[in-house]
Structure formats: structure tokens, C-alpha cells
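# Structure for this input, please:
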Amino acid sequence: MPSIEAWSAYGTGPPAAQAPGGTAGREESSPDASTEGRLPRPPAVTCRACVVATDTGDVLWARRAHLRLPNASTTKMGTALLVTRRAELGETVIVSGNAAATGGGGLDLEAGQGYSVRGLLQALLLTSSNDAAVALAEHVSGSEKAFVADLNAFLHRLGARSTHYVTAHGLDAPGHLSTARDLATMAAALLHHPVLARMVAEPSILLARPDGTAERLVNSNDLLETYPGALGVKTGYTTGAGDVLVAAAERDDRTVIVVAMDSDNAADDDRRLLDFAFEQLSRAVLIRRTANVGGLIFDAAGATGASPARIVRGPMPREVDVRFHPRLPAELPVAPGEVVGTIVVTGTAGPIDRVPALATGGVMPGSDGGARKMAAGVIAGLLRRVGAVAPPLGAM
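Below is the predicted model of the structure:
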């Protein structure tokens, strides 16, 4: 028996995966050909523009995600993000006559009243208080106009480059526009802010008023108490924008953000889109049948790659570990399609799958007719940063 030397390497990193067969930012109008692991169409939704994304920014599905539309009170996500960067939560905001006159959103402020920044942020995000938006804007920047200029610059830096706001609250105004993709970007930033994330997750709170009484503020996001794992984020409605909802939910250590703009019923649309997203994440294509994930290298005789005997599917983890274990001892000849080892796929929560590894090509003995020394290891061990928008391993 010839001496055989084996080596093995492996790669660990964010998963080389996506929802089955999808492509980056897959639009509903994409071709619907039957292909290996293709992404099925989502359920019927009424939103004029919508997006399904993970908290890492990967888009699982979209419809007109970059269409600029009025977005109503979802504007207040951006307002809250900027306020928390410019003011301390314990600062006192004195309500101006201008802010008190804005009205709308469930908290009727009066000129001269003093509220904490925290209290007004809660009113802003839970009941969509328009007067709280103006009061906070004036407190931070001196005027709503100056605040909106700062807000547009801030959102551009955040990555919401198709958004342009005219007000801090989102009531209909010419030129006040955003996109589903930008709203998802804002929501992801808000959910990464511990204080704001807790606020949008509260079904209701008691807000202390200046006269010593307390007022219960009820979150306008019905999904918080009707959808398992719901995290927030922000509702919106105006005549010009229609029904708008940015929602998020968590399941199996994955967070999904969905946006529905100009819907007949945004809550129903978001519920269907969340269901769709978690279904896809639970059976994502991690490695395609054609992926070259390992190899056998013989001295002068040559080498062959190793591919899985079938598609590897599973829940899309935050990181994936792919190891090729060669079958030892290995002898020549090696025929194409011959089992040459095992591929083991492991996620953050533990083992995902074990599949036979097949030779991608044939290797014949050298001129002396004997088997050569062999080394085996993962050739494609370096896992790229891919997430849900990049091809699964073996798709390129």
C-alpha cells in the first residue's frame, strides 16, 4: 500500500447562501424559470412598493424598492435617529407655539409645556405624534427647517440616498419622498440603537405629563401583539402616502425587516412578507451541487475537485463552516463522480448537513502505474462575505 499523506483546511464565515435561487434585490418581475432551488414568488401583496430584507441589509425580495413615494410617519424613524445623536434623553424640551399647533398623533402638546427628550421620542414612535416631531426638531436644530436640512444630510450618510424630507413628521408635502429600500436601511439602524429598539417594541407605555398625571400611549403597530417575534418598527398613513408600515421580526437568531408602501392593508402585507421571508431562510440553498468545495491532489498524476452529491439546504446561519473530509487511503485511478470523501456543513447553532463528496474529474495513475502520494484539503475554503443577496457556494 503506497504511503498517503493527507491535509485538510476549512473556512468559516458568513454563509455562502441565499434564499433558494434568488438574486441580488430580486424583483417580482424577474423571470420565473424553473431552476435548481429557485425562489418562489411571495404571496399576493397589495403594496405598490415593498422590500424584504435581513438586518444585515441583504434583500431577499423586492417590488419597486427604489421607487420614490410619500412615506408618511415612517419619516419619524429618521427623526428619532438624528435626535438621539444630538440630544441627551434627559434633556427638557420646551414646547413652542409652532410645535403645539402642528397637531396629530395622539399627544396634544401645549405651548410652554416641558417634556423630556425620552418622553417625546416615545410619543413620536408609538403614537406618531406630529407635534412631538416638531418640538424635538426645534430643540435640536433651532427650527424645523434647519433640522430637516440636517436630517437629509444625515440620512444620505446613513445610506438612504434616495430620500428627501421636507418635514420632521411626514405629513404630505411636495417633494417629501423616500423608498422602500431606504426605509429598510433606516429601520435596521434604529433596531441597532438599544434605546430606540426598546421603544418601538413596547405595545404601550405610561407617559408622565407636566401636570403630574400620566397618559397611556398605545403603539399603533398592531403586529407587535399579533405576530410572533415582532420587534417594531413604524407605521404611517396619509392620503398621499396611503397605508405604510415598516415591520421587523426575529426568529431562530435571524431578524427580517419588511416594508410595505401605499398598501390596501400594510399590516396584512407585512405579515405575509414576514412569513415568506422566514420560510425562505429556513430552507436556503447553502451549497449548490456544482460547488467545488475541496480537492484531491496527487503528485505528478494530477488532481480533481470535490463537489457535494446534492444541494445542501438549511436554515441560513450568520456563519457557516464547510469542511471536506477526504476518504483515506485514496488510490488511483479516480473516476468522475466517484465518492472521495464527505462534506460537513455546520452553522452557528450546530451541524446542518453531511453529504458525500464526489470527484469532479478523473485522475489516472502515473506512468509507473502506481498510486502517487495524495494530499486532500479544501480548495475553496475561503468563504466570501455573501449573505442573502450573493450566490450560494458554487453559483458563480
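# Domains in the protein, by residue range?
Domain assignment for the chain by automatic domain parsing gives 10-18+287-389, 49-282.
# who wins for proximity to Pro43 among those domains?
With Cβ to Cβ as the measure, domain 49-282 is the member of the domains of the chain nearest Pro43 (4.4 Å). Using the backbone N, CA and C atoms, a C-beta is placed for each residue, glycine as well.
# Any idea how far the closest one is from the middle of the chain?
17 Å (Cα atoms, centre = their mean, to the nearest Å).
# Quick check: mean pLDDT of that domain?
Mean pLDDT, computed over domain 49-282, is 95.
# thinking again about what came up before, would you turn the domains of the chain into TSV with mean neighbour count?
Below are those laid out as TSV (neighbours: other Cβ atoms under 10 Å):
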stretch	mean neighbour count
domain 10-18+287-389	19
domain 49-282	20
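# Could you dump those into TSV and include distance to Pro43?
Output for those, formatted as TSV (distance: least, Cβ to Cβ, whole Å):
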stretch	distance to Pro43
domain 10-18+287-389	19
domain 49-282	4
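# Find the helix or strand that Thr346 is a member of.
Per DSSP states H and E, Thr346 falls inside strand 339-347.
# quick check: mean pLDDT across that strand?
Strand 339-347 comes out at a mean pLDDT of 90.
# so the residue lying closest to Trp61 once chain neighbours are set aside bridges to which residues?
Spatial nearest neighbour of Trp61, excluding adjacent residues (Cβ to Cβ, 6 or more residues apart in numbering): Val52 at 4.5 Å. Counting by DSSP bridges, Val52 is bridged to Trp61, Val258.
# Now do the same contact list for Val52.
The neighbourhood of Val52, defined by Cβ atoms under 8 Å, 6 or more residues apart in numbering, consists of Pro42, Val59, Leu60, Trp61, Ala62, Val256, Ile257, Val258, Leu273, Phe276, Ala277.
# any idea which of the residues you listed is closest to Lys234?
Using Cβ to Cβ, these come closest to Lys234 at Ile257, 11.0 Å.
# I figured that closest one hits Cys50, correct?
No. Using Cβ atoms under 8 Å, Ile257 is not in contact with Cys50; the gap is 11.2 Å.
# farthest-separated two in the contacts of Val52?
Farthest pair in those (Cβ to Cβ) is Pro42 and Ile257. Separation: 14.8 Å.
# about what we covered before: enumerate residues external to the strand holding Thr346 that contact any of its residues.
Strand 339-347 is contacted by residues 15, 286-287, 293-294, 296, 304, 306, 308-309, 312, 314-315, 317-327, 330, 334, 351-359, 376 when judged by Cβ under 8 Å, 6+ apart.
# I'd like to know which of those residues are part of strands.
Mapping those onto strands (DSSP state E) picks out 286-287, 294, 296, 304, 306, 308, 312, 314, 320-326, 351-359, 376.
# Please, where are all the helices along the stretch 1-150 of the chain?
Remark: helices assigned in the stretch 1-150 of the chain by DSSP state H, counting those that start in this stretch are 75-86, 97-100, 117-126, 130-141, 144-158.
# could those helices go into CSV alongside distance to Ala187?
Formatted as CSV, the helices of the stretch 1-150 of the chain follow (distance: least, Cβ to Cβ, whole Å):
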stretch, distance to Ala187
helix 75-86, 6
helix 97-100, 25
helix 117-126, 12
helix 130-141, 17
helix 144-158, 11
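# For Ala248, find the nearest of these.
helix 75-86 (11.2 Å).
# Pull up the gap between the residue nearest in space to the middle of the chain and Ala277, please.
With distances taken as Cα atoms, centre = their mean, the chain has Thr54 as the residue nearest its mean C-alpha position (1.4 Å). Using Cβ to Cβ, to the nearest Å, Thr54 is found at 8 Å from Ala277.
# before we move on, what about Ser263?
Ser263 is 17 Å from Ala277, where distance means Cβ to Cβ.
# Ala99 now?
38 Å.
# which outside residues touch the lengthiest helix in the chain?
If you go by DSSP state H, the chain has its longest helix at helix 266-282. The contact list for helix 266-282 (Cβ under 8 Å, 6+ apart) reads 19-20, 22, 39, 42-47, 50, 52, 54, 60-61, 222-223, 226-227, 235, 243-245, 247, 249, 251-252, 254, 256, 258-260, 263, 315-316, 388.
# Can you tell me which of those end up in strands?
Using DSSP E, these in strands are 50, 52, 54, 60-61, 235, 243-245, 247, 249, 251, 254, 256, 258-260, 263.
# Quickly note the distance from Val363 to Pro333.
6 Å.
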